[in-house]
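*Asks:* Prediction below, plus the sequence it came from.
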Amino acid sequence: MELNIDGKPKISFFDLTGCNGCLYTVLNHPLLLQLVDSINVREFRLASNVKKEDACDLAIVEGYVAIQEEVETVKEIREKAEKVVALGSCSSYGSIHSIQNFIDVKEAKNKIYPDAPDFIETPKKAVSIDDYIKVDLKVPGCPPNADEAVELIADLVSGKRSPELAQWPVCVDCKMRENICVFIHGIPCLGPVTRGGCGAPCPASYTCDGCRGPLDNPNLESELEYLSKYLDREEIIRFFKRYASCSEDFRKVIEGEVNVRGS
Ligand code: SF4
Ligand code: SF4
Ligand code: SF4
């Protein structure tokens, strides 16, 4: 589909529950300023109080569905938009919020808000937005890499080439950056199974926590073999739960469908 209406595609930016880090990342990028003349922004709460609730060609959605009201919001977004982009790991994979899927939420609320535990509304599960609606493109990362996110959005807007995520692991970025592999120092890392394209900032200071979710066809068995030299089974599962527990591949590790060879 050509994203073109009178030469100016209509784009709306939405934030569900999240920290706004993804939208700030995009908002601060110089390429977005270049794009501004060739797009028609209908809604962008962080940048403007203008809100034109008509149909749009592209909806960019940050955050995850935390309350029932947002289920309706995300469905309305889908109805109005020709294409939907999930921006960031909250909307793509549930991100850090999905930790609630593995704890007793009631007990946590009682501990943290003992005076008003029922004041905070929480969904039954933290999931990616494609559990509710069809998503045309996921731009993962917590937050996403700014250059990559804006370029992918520009590709979608121009329609000149199909937007493609990096098909290599974070280890490739890491080598390009000339980081010393943290495994050498006995520090476990999810870089080998995580989608690259971020420039590997984290192994430069500590380790990759897998915020961009899995690479296509990750070699999970080999990764588990390495991780098991440093972590026990419970710690490995915690590692995979951190950012992308809603992804199909990391879920397989968490639920024990993939194990260390021979175990
Ligand atoms: S993906 Fe990360 S940066 Fe983006 S909204 Fe969620 S928590 Fe914030
Ligand atoms: S530090 Fe992590 S991302 Fe970098 S090469 Fe080693 S395993 Fe890969
Ligand atoms: S190095 Fe890992 S944790 Fe850091 S931004 Fe890249 S994918 Fe995310």
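*Replies:* It's in. Residues are numbered from 1 along each chain as shown. Ligands and ions are numbered 1, 2, ... in the order given.

*Asks:* what about H185, neighbour count?
*Replies:* A count of nearby residues for H185, using other Cβ atoms under 10 Å, gives 8. Every residue, glycine included, has its C-beta placed from N, CA and C.

*Asks:* quick one: it from Y230, how far?
*Replies:* According to Cβ to Cβ, to the nearest Å, H185 and Y230 sit 10 Å apart.

*Asks:* what does T73 give?
*Replies:* From T73 to Y230 the distance is 42 Å (Cβ to Cβ).

*Asks:* Pretty sure P192 sits against D173.
*Replies:* No: contact criterion Cβ atoms under 8 Å: P192 and D173 do not qualify, at 11.8 Å.

*Asks:* Please enumerate the shared neighbours of those two.
*Replies:* Counting by Cβ atoms under 8 Å, 6 or more residues apart in numbering, P192 and D173 have no common neighbour.

*Asks:* Check the contact lists of H185 and Y230 and give me the overlap.
*Replies:* By Cβ under 8 Å, 6+ apart, no residue touches both H185 and Y230.

*Asks:* per-residue confidence for the closest residue to ligand 2 within the stretch 151-263 of the chain?
*Replies:* Minimum separation of the stretch 151-263 of the chain from ligand 2 (Cβ to the nearest ligand atom) falls at G191, amounting to 2.2 Å. Among the per-residue scores, G191 shows a pLDDT of 98.

*Asks:* Report the contact partners of it.
*Replies:* P169, V170, C171, C174, A200, P203, T207, C208.

*Asks:* for these, which one is nearest ligand 3?
*Replies:* The closest of those, once distances to ligand 3 are taken by Cβ to the nearest ligand atom, is C208, at 3.3 Å.

*Asks:* Please give me every residue in contact with the residue nearest in space to the middle of the chain.
*Replies:* Nearest residue to the geometric centre of the chain (Cα atoms, centre = their mean): S89, 1.4 Å. Contacts of S89 were listed using Cβ under 8 Å, 6+ apart, and they are S95, P140, G141, C142, P144, C211, R212, G213, Y243, A244.

*Asks:* what about E79, how many neighbours?
*Replies:* Applying other Cβ under 10 Å, we find 8 other residues in the vicinity of E79.

*Asks:* Show me the contact partners of the lowest-mean-pLDDT helix or strand in the chain.
*Replies:* Taking all helices and strands of the chain together, the one with the lowest average confidence (mean pLDDT, DSSP states H and E) is helix 30-36, at a mean of 75. The contact list for helix 30-36, computed with Cβ under 8 Å, 6+ apart, reads V26, D147, V150, E151, I153, A154, V157.

*Asks:* change it to 6 Å
*Replies:* Contacts with helix 30-36, where a contact means Cβ atoms under 6 Å, 6 or more residues apart in numbering, come from V26, V150.

*Asks:* Kindly format the C-alpha coordinates of stretch 71-84 as CSV.
*Replies:* Below are the C-alpha coordinates for stretch 71-84, written out as CSV (Å, rounded to 0.1, in the frame of the first residue of the first chain):
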residue,chain,number,x,y,z
VAL,A,71,-7.7,-2.3,25.1
GLU,A,72,-10.4,-0.2,23.5
THR,A,73,-7.9,2.5,22.7
VAL,A,74,-5.6,0.1,20.8
LYS,A,75,-8.5,-1.3,18.9
GLU,A,76,-9.7,2.1,17.9
ILE,A,77,-6.2,3.0,16.7
ARG,A,78,-6.2,-0.1,14.5
GLU,A,79,-9.6,0.7,13.1
LYS,A,80,-8.4,4.2,12.1
ALA,A,81,-4.9,3.4,10.8
GLU,A,82,-3.9,1.8,7.6
LYS,A,83,-0.7,0.6,9.2
VAL,A,84,0.4,0.2,12.8
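
*Asks:* pLDDT of that stretch, averaged?
*Replies:* In this model, stretch 71-84 has an average pLDDT of 95.

*Asks:* Buried residues, it. List them.
*Replies:* Judged by neighbour count (16 or more other Cβ atoms under 10 Å), stretch 71-84 contains these buried residues: V71, T73, V74, I77, R78, K80, A81, E82, K83, V84.
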